[in-house]
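Undergrad: sequence first, predicted model second:
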Amino acid sequence: MARPMKWRKVCCLPETNRFGPLDSPADAKNHVIMTIDEYETIRLIDLDGFTQEECATQMNVARSTVQGIYIEARKKLAESLVNGKVLLIAGGEYRLCEGLGNGCGRGCHRHRNGRCFTDD
(Lines give C-alpha, C1' and ligand atoms only; values in the text may rest on other atoms or scores of the structure.)
Protein backbone atom coordinates (compact mmCIF):
# COMPACT_ATOMS: atom_id res chain seq x y z
CA MET A 1 0.00 0.00 0.00
CA ALA A 2 1.36 3.40 -0.97
CA ARG A 3 2.13 5.95 1.70
CA PRO A 4 -0.43 8.80 1.73
CA MET A 5 0.82 12.14 0.43
CA LYS A 6 1.58 14.73 3.09
CA TRP A 7 0.04 18.15 2.45
CA ARG A 8 2.61 20.85 1.77
CA LYS A 9 2.15 24.07 3.76
CA VAL A 10 2.05 27.11 1.48
CA CYS A 11 1.92 30.65 2.85
CA CYS A 12 0.39 32.40 -0.14
CA LEU A 13 -0.84 31.99 -3.67
CA PRO A 14 0.85 33.85 -6.53
CA GLU A 15 -0.44 37.31 -7.38
CA THR A 16 -0.41 36.26 -11.07
CA ASN A 17 -0.63 32.68 -12.26
CA ARG A 18 0.21 33.03 -15.98
CA PHE A 19 3.57 34.03 -17.42
CA GLY A 20 5.23 33.80 -20.78
CA PRO A 21 4.95 34.99 -24.36
CA LEU A 22 1.91 37.20 -24.79
CA ASP A 23 1.25 36.01 -28.33
CA SER A 24 1.37 32.29 -27.50
CA PRO A 25 -1.81 30.25 -28.02
CA ALA A 26 -3.28 28.75 -24.85
CA ASP A 27 -3.37 25.17 -26.10
CA ALA A 28 -1.94 22.23 -24.13
CA LYS A 29 1.26 21.85 -26.17
CA ASN A 30 2.30 25.49 -25.65
CA HIS A 31 2.17 25.67 -21.86
CA VAL A 32 3.79 24.22 -18.75
CA ILE A 33 1.89 23.78 -15.49
CA MET A 34 3.76 24.48 -12.24
CA THR A 35 1.98 23.45 -9.05
CA ILE A 36 1.47 25.81 -6.13
CA ASP A 37 3.90 23.82 -3.96
CA GLU A 38 6.55 24.03 -6.72
CA TYR A 39 5.97 27.80 -6.83
CA GLU A 40 6.40 27.95 -3.04
CA THR A 41 9.81 26.23 -3.19
CA ILE A 42 11.00 28.71 -5.84
CA ARG A 43 9.72 31.61 -3.68
CA LEU A 44 11.33 30.37 -0.48
CA ILE A 45 14.67 29.14 -1.88
CA ASP A 46 15.40 31.50 -4.77
CA LEU A 47 13.63 34.67 -3.64
CA ASP A 48 13.77 34.51 0.17
CA GLY A 49 17.17 32.75 0.33
CA PHE A 50 16.10 29.70 2.36
CA THR A 51 18.17 26.53 2.40
CA GLN A 52 16.35 23.37 1.35
CA GLU A 53 16.26 22.34 5.03
CA GLU A 54 14.67 25.66 6.05
CA CYS A 55 12.21 25.40 3.17
CA ALA A 56 11.28 21.86 4.26
CA THR A 57 10.61 23.05 7.81
CA GLN A 58 8.50 25.96 6.53
CA MET A 59 6.46 23.67 4.24
CA ASN A 60 6.20 20.89 6.87
CA VAL A 61 7.75 18.18 4.67
CA ALA A 62 11.06 16.29 4.46
CA ARG A 63 14.12 17.94 2.92
CA SER A 64 14.27 15.21 0.28
CA THR A 65 10.67 16.05 -0.68
CA VAL A 66 11.58 19.73 -1.06
CA GLN A 67 14.58 18.77 -3.17
CA GLY A 68 12.36 16.80 -5.57
CA ILE A 69 9.73 19.55 -5.75
CA TYR A 70 12.44 22.19 -6.35
CA ILE A 71 14.11 20.18 -9.15
CA GLU A 72 10.77 19.79 -10.95
CA ALA A 73 9.95 23.49 -10.51
CA ARG A 74 13.29 24.56 -12.01
CA LYS A 75 12.82 22.20 -14.98
CA LYS A 76 9.44 23.77 -15.64
CA LEU A 77 10.85 27.30 -15.42
CA ALA A 78 13.62 26.36 -17.85
CA GLU A 79 11.18 24.76 -20.28
CA SER A 80 9.02 27.87 -20.25
CA LEU A 81 11.96 30.26 -20.75
CA VAL A 82 13.97 28.26 -23.27
CA ASN A 83 11.08 26.93 -25.36
CA GLY A 84 8.87 30.03 -25.14
CA LYS A 85 5.98 28.25 -23.44
CA VAL A 86 3.36 29.85 -21.21
CA LEU A 87 3.90 29.02 -17.52
CA LEU A 88 0.67 28.40 -15.61
CA ILE A 89 0.72 28.07 -11.81
CA ALA A 90 -2.13 25.94 -10.48
CA GLY A 91 -2.99 22.83 -8.50
CA GLY A 92 -0.87 20.60 -6.32
CA GLU A 93 -1.12 19.03 -2.89
CA TYR A 94 -1.05 22.02 -0.54
CA ARG A 95 -2.83 23.80 2.27
CA LEU A 96 -2.63 27.51 2.98
CA CYS A 97 -1.08 28.42 6.34
CA GLU A 98 -2.81 30.30 9.12
CA GLY A 99 -0.35 33.20 9.03
CA LEU A 100 2.29 34.50 11.40
CA GLY A 101 1.92 33.44 14.99
CA ASN A 102 0.40 30.08 14.02
CA GLY A 103 3.56 28.06 13.48
CA CYS A 104 4.85 29.96 10.43
CA GLY A 105 8.40 31.21 10.29
CA ARG A 106 10.26 34.02 8.58
CA GLY A 107 9.18 32.94 5.07
CA CYS A 108 5.52 33.51 5.81
CA HIS A 109 3.71 36.39 4.19
CA ARG A 110 0.41 37.46 5.59
CA HIS A 111 -2.35 36.41 3.26
CA ARG A 112 -5.68 37.99 2.55
CA ASN A 113 -7.96 36.17 0.14
CA GLY A 114 -5.10 33.73 -0.49
CA ARG A 115 -2.72 36.36 -1.92
CA CYS A 116 0.77 37.30 -0.69
CA PHE A 117 1.32 40.54 1.19
CA THR A 118 4.47 41.84 2.82
CA ASP A 119 4.94 44.38 5.57
CA ASP A 120 6.52 47.26 3.63
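TA: It's in.

Undergrad: can you tell me which residue is spatially central in the protein?
TA: Centroid-nearest residue in the chain: residue 39, 1.8 Å away (criterion: Cα atoms, centre = their mean).

Undergrad: which helices and strands sit right next to the helix or strand containing that one?
TA: Assigned by DSSP states H and E, residue 39 belongs to helix 36-41. Packing partners of helix 36-41 (3 or more Cβ pairs under 8 Å, 6 or more residues apart in numbering; DSSP states H and E): strand 8-10, helix 52-59, helix 63-83, strand 94-96. Glycine gets a C-beta too; all of them are placed from N, C-alpha and C.

Undergrad: centre of the chain versus the longest one, how much separation?
TA: Between the centre of helix 63-83 and the centre of its chain there are 10 Å (Cα atoms, centre = their mean, to the nearest Å).

Undergrad: pull out the buried residues from that helix.
TA: Under the neighbour-count criterion of 16 or more other Cβ atoms under 10 Å, helix 63-83 has 65-66, 69-70, 73-74, 76-77, 80 buried.

Undergrad: again, but for the last one
TA: For strand 94-96, the neighbour count (16+ other Cβ under 10 Å) marks residue 94 as buried.

Undergrad: residues contacting that strand, please?
TA: 7-13, 35-37, 40, 111, 114 (Cβ atoms under 8 Å, 6 or more residues apart in numbering).

Undergrad: so which of those residues wins on neighbours?
TA: Using other Cβ atoms under 10 Å as the neighbour criterion, residue 40 leads the contacts of strand 94-96 with 27 neighbours.

Undergrad: quick check: that one vs residue 64, distance?
TA: Using Cβ to Cβ, to the nearest Å, residue 40 is found at 16 Å from residue 64.

Undergrad: also residue 45?
TA: Per Cβ to Cβ, residue 45 is found 14 Å from residue 64.

Undergrad: what of residue 91?
TA: Distance from residue 91 to residue 64, by Cβ to Cβ: 22 Å.
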